[in-house]
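Student: Have a look at this prediction, sequence included:
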Amino acid sequence: MAAAVKEKEPFNLAKWAKSRKGQQALICAAFIIIPLLLLFVFTYLPFGKMVQFSFFKMKYTGRRTYVGLQNYVDVFNRKDCFGALKLCLYYIVGALIQLVIALFLATILSFKVKGGNLFKGLLFFPYLISGIAIGFIFKFFYTRGFVFDTILQWCGFKLENLPYWLKDTSVNNWSLVATSVWRYMGQMMVLFIGAIMSVDAELYEAANLDGANKFQQFIHIILPSIKTIVTLNIILAITGSLSAFEQPFVITGGANGTGTYFVIMNKVAHTSQKVGLASAMAVVLLAIILICAGLQQLFFKFVFREADSDEESYKAKKARLKAEKRARKAMAKGGK
């Protein structure tokens, strides 16, 4: 007699949700769906609305008029909009100087230096301070006859021969750039130190066997080994330079030719109430940042094209060094 076929039980959602397998699936789904939902609501949806607003002539309230690409045309035609991007060149130059100094200090501090930890802490501390607070500190620092002028007078300069650091258009942007360099150099240095300390010490031994000096070790070992962090820091520096806001906004309010692209965009959006034009400015800046990031990736791919081969050669020397050590140990044991 054939065994009776057992009927398959219908799927019970409540029972499945209480089971261990069901709870694991629900928790995994929650950890995936909730962050994606928050990302969509607070990032992608506002960005989509901003792109939509860029095609309208509008204020925060009231009637909207569709103008097509006219806002984008105005961004490139108005001197106070696209012309403000020229000021980013000051910050880009400052960022490159900051990167060189940070890399130099990181290379020194990565090895045992007396008082190195204290020096690292002092340099990193400005990054922990609020950008608004730093703005007020340097606004006082650069004020005529105050801290900076007093220090220069101690060095023998006369006050009447010193420029107005925040009013003179030949120096005011450099003054703001110096503030930015002072704030962010410690952060960049710490990233470099972490990358340099991860380099295998035996690579230096292999280089010493070849008679490489410190500069050659930096070029052929340290720099290729931290190329990812170098690329990351330059991308962060360039994009940060294009979006500089806190220092010019707090210290000068964008006056006397210090209004960066973000400061002008803030005035267009909140003072002039030209929301559509400000949205177009934001989209244009995003496009410029993406283009710059892509060009930087291509540039560093070209610059570090031989880094892998150099790294492999030192890895081979490292393997040879280990083999020689094992051979010496074996000979020593055999001699006994």
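Tutor: Alright, I've got the coordinates. Numbering: from 1, shown residues only.
Student: Enumerate the strands of the protein by residue range, in sequence order.
Tutor: Assigned by DSSP state E, the strands in the chain fall at 56-57, 65-66.
Student: Tell me which of those strands sits nearest to A282.
Tutor: Proximity of the strands of the chain to A282 was assessed by C-beta to C-beta; the nearest stretch is strand 56-57, lying at 14.0 Å. Using the backbone N, CA and C atoms, a C-beta is placed for each residue, glycine as well.
Student: Can you tell me which helices and strands the closest one packs against?
Tutor: With contacts taken as 3 or more C-beta pairs under 8 Å, 6 or more residues apart in numbering; DSSP states H and E, strand 56-57 sits against strand 65-66, helix 70-77.
Student: Give the pairing partners of it; include direction for each.
Tutor: Strand 56-57 has the following sheet partners, assigned by DSSP bridges: strand 65-66 (antiparallel).
Student: ok, the closest residue to Y72 other than its chain neighbours - contacts?
Tutor: Spatially, and ignoring its direct neighbours in sequence, Y72 is nearest to A280 (5.0 Å; C-beta to C-beta, 6 or more residues apart in numbering). Residues touching A280, when contacts are defined by C-beta atoms under 8 Å, 6 or more residues apart in numbering, comprise 54, 71-72, 74-75.
Student: at 6 Å instead, please
Tutor: A280 sits next to 54, 71-72, 75 when contact means C-beta atoms under 6 Å, 6 or more residues apart in numbering.
Student: re earlier: so which of the strands of the chain comes closest to S243?
Tutor: When the strands of the chain are compared by C-beta to C-beta, strand 56-57 sits nearest S243, at 23.9 Å.
Student: Make TSV from the strands of the chain and add mean neighbour count to it.
Tutor: Formatted as TSV, the entries for those read as follows, by neighbours: other C-beta atoms under 10 Å:
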stretch	mean neighbour count
strand 56-57	18
strand 65-66	10
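Student: wait, which of those is closest to F192?
Tutor: Ranking the strands of the chain by distance to F192, with C-beta to C-beta as the measure, places strand 56-57 first at 45.3 Å.
Student: so for the closest one, what's the average pLDDT?
Tutor: Per-region confidence: strand 56-57 scores 91 on mean pLDDT.
Student: What of stretch 280-290?
Tutor: With pLDDT averaged residue by residue, stretch 280-290 scores 90.
Student: Buried residues of that stretch, list them for me.
Tutor: For stretch 280-290, the neighbour count (16 or more other C-beta atoms under 10 Å) marks 280-285, 289 as buried.
Student: Name the nearest of the contacts of A280 relative to T43.
Tutor: Checking those against T43 by C-beta to C-beta gives S54 as the nearest, at 17.0 Å.
Student: re the thing from before, so can I have JSON lines of the contacts of A280 showing neighbour count and distance to G257?
Tutor: Converted to JSON lines, the contacts of A280 look like this (neighbours: other C-beta atoms under 10 Å; distance: C-beta to C-beta, whole Å):
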{"residue": "S54", "neighbour count": "23", "distance to G257": "27"}
{"residue": "N71", "neighbour count": "25", "distance to G257": "25"}
{"residue": "Y72", "neighbour count": "17", "distance to G257": "25"}
{"residue": "V75", "neighbour count": "23", "distance to G257": "19"}
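Student: Out of those, which comes closest to R20?
Tutor: S54 (50.3 Å).
Student: What count of nearby residues applies to the nearest residue to L232 once chain neighbours are set aside?
Tutor: The shortest distance from L232 to any non-neighbouring residue, by C-beta to C-beta, 6+ apart, is to L191 (7.4 Å). Here the neighbour count serves as a burial measure; for L191 (other C-beta atoms under 10 Å) it reads 18.
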